[in-house]
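Q: Next one to model:
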Amino acid sequence: MSRFGKAWVRLSENPRRGEPVEIRAMIVHPHESGFRLDNIGHPVPRNIVVSFTCVYGGSEVFRAELHPAMSTNPYFLFYVQAVESGDMVFSWTDDRGDVATHTVRLEVGA
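A: Prediction:
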């Protein structure tokens, strides 16, 4: 069972071909650092988001490998060049191997 929550993705509105598109992406994840103990003193296993990718037009355009110092609900802001209309697929993977994906359609004007 995936422990990911809701994903939010926001793209620049009405981009034209060749222009940069601002992308903001965030996902809700419970984030366990691995340093906490449960109520009987056993360590709570680490579970963080370890990677994030964005695929646009079938090509990976952004990748981030994350480490324990990352925040609970990772937030990314990055830019890609608007080439053509198409789906952007965002993927988050955590320590347990759970993957959450979110797809947003980018409509590019002439």
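Q: Distance check, the most far-flung residue of the chain relative to its centre against H31.
A: Taking CA atoms, centre = their mean, the residue of the chain most remote from its mean C-alpha position is I40, at 33.7 Å. Look at I40 and H31: by CB to CB, to the nearest Å, they are 22 Å apart. C-beta here means a position set from N, CA and C on the backbone, and glycine is covered the same way.
Q: Could you pull up the residues touching D87?
A: Contacts for D87 (CB atoms under 8 Å, 6 or more residues apart in numbering) come out as 56, 103-106.
Q: so it is in which element?
A: Following DSSP states H and E, one finds D87 within strand 86-94.
Q: Any idea what the closest residue to P74 other than its chain neighbours is bridged to?
A: Using CB to CB, 6 or more residues apart in numbering and skipping residues adjacent in sequence, the residue nearest P74 is V49, 5.2 Å away. Beta bridges link V49 to D94, judged by DSSP bridges.
Q: To what extent is V49 buried, counted in neighbours?
A: For V49, the neighbour count with other CB atoms under 10 Å is 22.
Q: Tell me who's in contact with it.
A: Applying CB under 8 Å, 6+ apart, we find V49 in contact with 27, 29, 31, 66, 70, 74, 92-94.
Q: mind showing which ranges of the chain have poor pLDDT?
A: Across the chain, the ranges flagged by pLDDT under 70 are 1-2.
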